[in-house]
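K.L.:
Could you work out the structure for the sequence below:
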Amino acid sequence: MAETDKPLLIKRYASRRLYNTETSDYVTLEDIAAFIREGREVQIVDLKSGDDLTRQYLLQIIAEHESRGESVLPVDVLTDLVRSYTSQAASVVPSFLQASFEMLREGQSKALENMSKANPMAAMPGFEAMRAQQEAFFKAMTGNMMAPPTPKQSEDSDDLDDIKEQLSALQAKLSKMGK
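P.N.:
Sure, this is the predicted structure:
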């Protein structure tokens, strides 16, 4: 069984095919998106150069979902992101985004905690079914992206740098899309 606390290593071959090193088979972007939705960390590296391509592929996954009409990011937010790259806001945006997602995760955790067995209403008939429905609702609404962070995620002090790099890659991707 694979260690889920280590990122799943995906190697990109010169042919641009993506190879899952754990299962020894080729995967698609949709497969990678499914791994992430399941809570798995992934790392995508170029086989020849060793360059980390994770951000590039994550942005590509987002772009594909957005282009299929599965819009999560409103146009105003995308516009503000583009503007932030050319303004003083560039240094504030990553911190703001990280804090916003953390607040969403905390809100979900608190709501689920309120529905937990520690709640006095837990003795009420049908409460467990209602709690399970609430949890399923949160997963469906957030695509499980608001799942509580794994211990590795909460201990990682490089999150801010990661977000800065992701936003930088998003800017590059958006620039290419605008041409």
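K.L.:
In this protein, what helix or strand scores lowest on average pLDDT?
P.N.:
Lowest on mean pLDDT, DSSP states H and E among the helices and strands of the chain sits helix 151-155, with a mean of 46.
K.L.:
So for the helix or strand just after that one, mean pLDDT?
P.N.:
The first helix or strand that comes after helix 151-155 along the chain, using DSSP states H and E, is helix 159-178. For helix 159-178, mean pLDDT is 74.
K.L.:
Can you tell me which helices and strands helix 159-178 packs against?
P.N.:
Helix 159-178 sits against helix 54-67, helix 75-84, helix 93-114, with contacts defined as 3 or more CB pairs under 8 Å, 6 or more residues apart in numbering; DSSP states H and E. Bear in mind the C-beta positions are built from the backbone N, C-alpha and C, glycine included.
K.L.:
closest one to residue 172 among those?
P.N.:
Of all the helices and strands packed on helix 159-178, helix 54-67 sits nearest to residue 172, with 8.3 Å by CB to CB.
K.L.:
Please verify my assumption that residue 85 contacts residue 172.
P.N.:
No - applying CB atoms under 8 Å as the test, residue 85 and residue 172 come out as separate, 9.4 Å apart.
K.L.:
Quick one: low-confidence residue ranges for this structure.
P.N.:
1-4, 88-91, 112, 114-124, 127, 130-131, 134-159, 178-179 (pLDDT under 70).
K.L.:
ok, 80 please
P.N.:
1-5, 85-97, 105, 108-179 (pLDDT under 80).
K.L.:
what comes up buried for stretch 34-52?
P.N.:
Neighbour counts using 16 or more other CB atoms under 10 Å place 35-36, 41-42, 44-45 of stretch 34-52 among the buried residues.
K.L.:
Go through those and name the one nearest residue 18.
P.N.:
Nearest to residue 18 among the buried residues of stretch 34-52 is residue 44, at 6.9 Å by CB to CB.
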